[in-house]
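S.K.: Below are the sequence and a predicted model; questions follow.
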Amino acid sequence: MPLQRLFAAACLLFALAGCSPSGDEGKPSVSQAATPVGAPVAGASTAIAPAPVVTAPAKAAAQALLVANEDAAIKLISEAIQKHRLTSLPIDCLTFMPEEEGATTYSVEVHENHTPPCKGDPDTSPRLFSFKVDRSNGQLSTDATDPADGEYQPIQ
């Protein structure tokens with residue numbers, strides 16, 4: 001009987017040692033480090049393709065170029081206006097007034113364009129709504145749902 005208790009205690013200690021933190025959290029184990037990414041795992045029926053590796057500088061460069069200038073911001077906004085039907089006016093009858101708002105954001109006011117084909121008083125250009133464009137990721141927000149309130153809501 002004492003031998004069985006000793007064996008049970010040894011098994012319990014062994015199990016607890018395997019579950020306790022080792023101080024090397026986040027580091028791959030020897031078996032993980034030795035297995036190439038995408039290699040089949042023993043006992044697994046299919047291998048999973050590895051995710052593409054994107055280095056921090058490459059990711060930052062891609063994000064920095066996503067909305068590189070005012071023209072790119074206006075293009076994103078024009079697409080969102082058409083997609084969400086934010087106005088019944090054609091894009092040619094809109095005027096975009098971009099302004100840099102710090103290093104990471106464009107603020108763009110959208111006004112009516114009263115040229116002869118668009119009709120309206122040529123001495124006026126009423127503001128319809130505004131957009132903000134995050135230059136790093138292209139995320140748009142707009143006050144188009146309630147321009148008088150001025151609260152910006154994300155929009156795709």
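M.R.: Here it is on my side, so go on.
S.K.: mind checking the end-to-end distance for stretch 118-127?
M.R.: Stretch 118-127 has an end-to-end distance of 15 Å (C-alpha to C-alpha, to the nearest Å).
S.K.: avg pLDDT for it?
M.R.: Regarding stretch 118-127, the rounded mean pLDDT is 92.
S.K.: can you list contacts of it?
M.R.: With C-beta atoms under 8 Å, 6 or more residues apart in numbering as the test, stretch 118-127 has contacts from 89-90, 92-93, 95, 109-116, 147. (Each C-beta comes from the backbone N, C-alpha and C, glycine too.)
S.K.: Pick the one among the residues you listed closest to Glu79.
M.R.: Val110 (13.0 Å; C-beta to C-beta).
S.K.: For that closest one, give its distance to Ser136.
M.R.: In this view, Val110 and Ser136 are 22 Å apart by C-beta to C-beta, to the nearest Å.
S.K.: Need the worst-confidence member of the contacts of stretch 118-127.
M.R.: Lowest pLDDT among those: Pro147, 68.
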